[in-house]
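# Next come a sequence and a model predicted from it.
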Amino acid sequence: MPENKTENKTAHANTKATLNISEGVATVVLNQPEKHNAFDDQIIQNLLAHLALIRKTPGIYAMVLRAEGKNFCAGADLAWMKRMAKASYEANEQDALQLAKLMSELNALPIPTVVLVQGAAFGGALGLIACCDIAISADNAKFCLSEVKLGLAPATISPYVLAAIGARRCRHLFLTAEVFNAEQASDWGLVHKRCAQDQLEETLKHTLTQLASNGPLACRASKQLIFDVLDNADDLIEQTSKLIAKLRVSEEGQEGLNAFFEKRPAAWIRQHND
């Protein structure tokens, strides 16, 4: 472990997501297992606050993002989606900007980031995974970019998922909303390490040991080097936020959300004969 160890700190101001800083590792935990760790505007603000604290706390060499319960994250919280479906375009744009900011801040965090995935990882959860430097998944994990089923698009997470798995694979997964498994996620580049569910902790420990043995400034510089080479466009945040806001208030977006909440097929679903 690094010689400069951080003091043990714990933030539980909002139990939807907790933060613990100990021995140079910041651990952020999604803590709504009863809701499958789905996120809303409140948890987005909570996570942004945690990332800001991590960024300004000296001596942290790695961050771990993980979740309580059987599922990593089911995507957006249903109550939040229902509320935003009735809001104006302007309110939806501001709401989407906060999610885009979360993805951007997580992606650009200067220290190495590790995400642990178990169970379901749907919708925006794939953005969280793609924004982390190292993704470790249980073999039983399931993934899905499910937005088109609701008449929406994975807009704010798209720059990061696209960078992780490539444009051709995104054309497949964005358009079909097909569920895929951990082996496929690994083959396609979303996940870096796979293991049995009961081996997640040991795999994480091994990864943190690897990171702790490397120069912290060198890790930061190496991560920044990748960003400098890629030269990401800053206007993607605004552009993708406008897109999701437009889709949320569109006729198709409204139909998709209403059909979902009313438990009926959306109007565009076609019946095919065998």
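Yes, it's here. Residues are numbered from 1 along each chain as shown.

# Point out where the chain drops to low pLDDT.
1-14, 232-235, 270-274 (pLDDT under 70).

# rerun at 80
1-15, 229-236, 239, 269-274 (pLDDT under 80).

# where along this protein do the helices fall?
Under the criterion DSSP state H, the chain contains helices at 41-56, 78-85, 89-108, 125-131, 158-165, 167-176, 182-187, 200-212, 216-230, 236-249, 251-261.

# Now render those as TSV, adding distance to Leu145.
Glycine gets a C-beta too; all of them are placed from N, C-alpha and C. What follows is these, written out as TSV (distance: least, CB to CB, whole Å):
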stretch	distance to Leu145
helix 41-56	19
helix 78-85	16
helix 89-108	14
helix 125-131	6
helix 158-165	7
helix 167-176	5
helix 182-187	11
helix 200-212	23
helix 216-230	22
helix 236-249	13
helix 251-261	15
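
# So for Arg66, which of these sits nearest?
helix 200-212 (8.1 Å; CB to CB).

# okay, the helices of the chain, which one's buried deepest?
helix 125-131 (a mean of 27; mean count of other CB atoms under 10 Å).

# what's it packed up against?
helix 89-108, strand 113-117, helix 158-165 (3 or more CB pairs under 8 Å, 6 or more residues apart in numbering; DSSP states H and E).

# go with 6 Å
On a contact count with 3 or more CB pairs under 6 Å, 6 or more residues apart in numbering; DSSP states H and E, helix 125-131 meets helix 89-108, helix 158-165.

# Same list (those helices) but as JSON lines, adding distance to Gly69.
Putting the helices and strands packed on helix 125-131 into JSON lines (distance: least, CB to CB, whole Å) gives the following:
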{"stretch": "helix 89-108", "distance to Gly69": "21"}
{"stretch": "helix 158-165", "distance to Gly69": "24"}
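
# Between the helices of the chain, which one is closest to Phe72.
For those, the distance to Phe72 is smallest for helix 125-131, at 5.9 Å, taking CB to CB.

# Relative to the whole chain's centre, how far out is the closest one?
3 Å (CA atoms, centre = their mean, to the nearest Å).

# same check, this time on stretch 90-103
For stretch 90-103, the distance to the chain centre is 14 Å (CA atoms, centre = their mean).

# Extract the C-alpha set from that stretch and format it as PDB.
Only the C-alpha atoms of stretch 90-103 are listed here, as PDB (Å, rounded to 0.1, in the frame of the first residue of the first chain):
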ATOM      1  CA  GLU A  90     -36.300  22.700 -20.300                       C
ATOM      2  CA  ALA A  91     -36.700  20.700 -17.100                       C
ATOM      3  CA  ASN A  92     -35.700  17.500 -18.900                       C
ATOM      4  CA  GLU A  93     -32.700  19.200 -20.400                       C
ATOM      5  CA  GLN A  94     -31.500  20.400 -17.000                       C
ATOM      6  CA  ASP A  95     -32.200  17.000 -15.500                       C
ATOM      7  CA  ALA A  96     -30.200  15.200 -18.300                       C
ATOM      8  CA  LEU A  97     -27.400  17.700 -17.900                       C
ATOM      9  CA  GLN A  98     -26.800  16.500 -14.300                       C
ATOM     10  CA  LEU A  99     -26.600  12.900 -15.400                       C
ATOM     11  CA  ALA A 100     -24.300  13.900 -18.200                       C
ATOM     12  CA  LYS A 101     -22.200  15.800 -15.700                       C
ATOM     13  CA  LEU A 102     -22.000  12.700 -13.500                       C
ATOM     14  CA  MET A 103     -20.800  10.500 -16.300                       C
END
